[in-house]
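Participant: Any chance you can model this:
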Amino acid sequence: MNELLDMMKRVGQRIDAMALDLARDAGMVARSARGFADASRAEADAVAQDAQAVAAQVREQMTHMREQAQTISRATPRVMALATAAASIVARWRWLRLAQAARTGEPGLREEDHRELARRVAASAAELRGGIAKLGQLASCRPDLIGAVWANELRTLQDEVPPVDPAAIRARVEAELPGVLASFDDAPIAAASLAQVHAATLADGTPVVVKVQVPGIEDVIAADIAALRAVASALGELPGIDLQTLSSELSRALTEELDYEHEAEALRAYRGTAVVPEPLHVTKRVLVMTRIAGERLTSWLENATPPARDRLLGELVNEVAAQVLARGQVHADPHPGNFMVTEDGRLALLDFGCMLELSRADRAAYARLVIAIAGGNSQAAAGELKTLGFEADDPEQLVDLTAALIGAMRPGTNTRDIDWQAAMSAQLAQARQLGGLVIPRSFVLLGRVLASVAGLLATYKPHLELHPIVVRHLAAAVA
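Facilitator: As a prediction, the model looks like this:
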């Protein structure tokens, strides 16, 4: 306890030091601004006043953050580590805003400032692992919630989470499934925030993969969720991040993702056309599955011929449309590592830990929304958006935004002809202008899936018309 108190005091001292440094920097900016008075006294005074005002806000909010960090750090060192990382990032954000105010007279952030902050967040999340890294992965697939720069930088969390000590992983496997495996490769095939995947063989020589939950992750997740709520007011000021919606959905999704028996049930219940692993042995924390031989989707697409690439991306679109509109069981963790292409060229799906269940009513509403947009019926589209739980101060603007997002599904539209980058930029700008925007919880995960598919179409530009692929699933949804 004494060590924890000492650590807490040191955290407070560091935060105090950051606040003092910011205040001193603000003073320097103010003095420099006054030095330009000979050239433009009025403009310089205005900049100086802005700098002093920002400095006062920094001192006040850093004091609040210090008190907040001290309060929540009493609960657990994990929470204290998160609070300290958050304080450091927010302090840097405030300094960047202050520097911009000194340069231009208007507080704000440049694109390079956003990129720096996003990299700091990604590095901290990778180090903290657990729910924080998972939140970053979730956010990276939602540029509509956090912006393209942030989404791009946070994508590193999909592949660059450091592995756990193999001795701890091996010990968990042996404790959970004694005598099942004949061999176990300590080097992970994949290391994620919640689990690692290793190659192994069964006692009869069958090659398998073993998904192992990171030891102690349950306690880490509980602390992360509590900490996110405690520091939400500070992190929520980061530009464009809907932290409340993300953290709320994260809490629900992680409860299921930590239960591998639930994942095994989802694998057994799968009725699509893609290849999926077969669960062989399972406990709540260890899952042994058949090993699928093949290549990661993005690597395969890079080397495939255009006709083969078009065919496979068409299969992917068809599979996602069937999940969303026909079956209602949506694979909701669509980062590149979870898509493969088998040796005979078939699409394979991995990791069914994060699934989104869509009711028949929701599937029908999404189908009617697409049909209304394609037919230019704005009134009907607005009604379906309301049914699904979308809200905005200006419903017509929300309909316009939705029309832009699903415009690629109109008859005759070829994905190769769409300027995806320009379209995404315009849509993000339009989304930020919507007041009172409310997004239903289900769309946090569904939007992640659709954004991932759109990203693949934007990157590889297949000759593909979405309407003929989607239309038969629309009919099934509204039947």
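
Participant: Can you list the buried residues in stretch 165-176?
Facilitator: Applying a neighbour-count criterion of 16 or more other C-beta atoms under 10 Å, the buried positions in stretch 165-176 are 169-170, 172-173, 176. Any C-beta I mention is one placed from the backbone N, CA and C, and that applies to glycine too.

Participant: So for stretch 108-125, what gets flagged as buried?
Facilitator: Those would be 109, 113-114, 116-118, 120-125, for stretch 108-125 by 16+ other C-beta under 10 Å.

Participant: Distance to Leu450, secondary structure and pLDDT for those - can I get that in CSV?
Facilitator: Below are the buried residues of stretch 108-125 laid out as CSV (distance: C-beta to C-beta, whole Å; DSSP: H, G, I helix; E, B strand; the rest coil; pLDDT from 0 to 100):
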residue, distance to Leu450, secondary structure, pLDDT
Leu109, 28, coil, 80
Asp113, 29, helix, 85
His114, 23, helix, 84
Glu116, 29, helix, 88
Leu117, 26, helix, 87
Ala118, 22, helix, 86
Arg120, 28, helix, 88
Val121, 24, helix, 86
Ala122, 23, helix, 84
Ala123, 28, helix, 85
Ser124, 28, helix, 83
Ala125, 23, helix, 80
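
Participant: Looking at those, spot the one nearest Ala99.
Facilitator: Asp113 (8.4 Å; C-beta to C-beta).

Participant: Now do the same contact list for the closest one.
Facilitator: Under the criterion of C-beta atoms under 8 Å, 6 or more residues apart in numbering, the neighbours of Asp113 are 96, 100.

Participant: where exactly do the strands run in the stretch 151-300 of the chain?
Facilitator: 181-184, 190-191, 195-202, 207-213, 279-282, 286-290, 294-296 (DSSP state E, counting those that start in this stretch).

Participant: Counting neighbours, what do you get for the closest residue to Arg416 other than its chain neighbours?
Facilitator: Take Arg416 and drop its neighbours on the chain: the residue closest to it by C-beta to C-beta, 6 or more residues apart in numbering is Lys461, 4.7 Å away. Taking other C-beta atoms under 10 Å as the criterion, the count of residues near Lys461 is 18.

Participant: that older thread, which of the strands of the stretch 151-300 of the chain has the lowest average pLDDT?
Facilitator: Note on the strands of the stretch 151-300 of the chain: strand 190-191 shows the lowest mean pLDDT, a mean of 82.

Participant: Contacts for that strand, please.
Facilitator: Under C-beta under 8 Å, 6+ apart, the answer for strand 190-191 is 161-164, 196-197, 337.

Participant: and it, how far from the chain's centre?
Facilitator: Once both centres are worked out by C-alpha atoms, centre = their mean, to the nearest Å, strand 190-191 turns out to sit 17 Å from its chain's centre.

Participant: and the helix or strand Thr459 falls within, C-alpha only, in CSV?
Facilitator: Secondary structure from DSSP states H and E places Thr459 in helix 441-460. Extracted C-alpha coordinates of helix 441-460, given in CSV (Å, rounded to 0.1, in the frame of the first residue of the first chain):
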residue,chain,number,x,y,z
ARG,A,441,-25.4,0.6,-30.2
SER,A,442,-25.7,-2.1,-32.9
PHE,A,443,-24.3,0.2,-35.5
VAL,A,444,-21.0,0.6,-33.5
LEU,A,445,-20.2,-2.9,-34.6
LEU,A,446,-22.1,-3.0,-37.8
GLY,A,447,-20.5,0.3,-38.9
ARG,A,448,-17.1,-1.3,-38.2
VAL,A,449,-17.9,-4.3,-40.5
LEU,A,450,-19.2,-2.0,-43.4
ALA,A,451,-16.2,0.3,-43.0
SER,A,452,-13.8,-2.6,-43.3
VAL,A,453,-15.5,-3.9,-46.5
ALA,A,454,-15.5,-0.4,-47.9
GLY,A,455,-11.8,-0.1,-47.2
LEU,A,456,-11.0,-3.2,-49.1
LEU,A,457,-13.2,-2.1,-52.1
ALA,A,458,-11.5,1.3,-52.0
THR,A,459,-8.0,-0.2,-51.9
TYR,A,460,-8.4,-2.9,-54.6
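
Participant: Give the buried residues for that helix.
Facilitator: Within helix 441-460, judged by 16+ other C-beta under 10 Å, the buried ones are 442-457, 460.

Participant: thinking again about what came up before, got a markdown table for the buried residues of stretch 108-125, with distance to Tyr270 too?
Facilitator: Putting those into a markdown table (distance: C-beta to C-beta, whole Å) gives the following:
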| residue | distance to Tyr270 |
| --- | --- |
| Leu109 | 44 |
| Asp113 | 44 |
| His114 | 39 |
| Glu116 | 42 |
| Leu117 | 39 |
| Ala118 | 35 |
| Arg120 | 39 |
| Val121 | 34 |
| Ala122 | 32 |
| Ala123 | 36 |
| Ser124 | 36 |
| Ala125 | 30 |
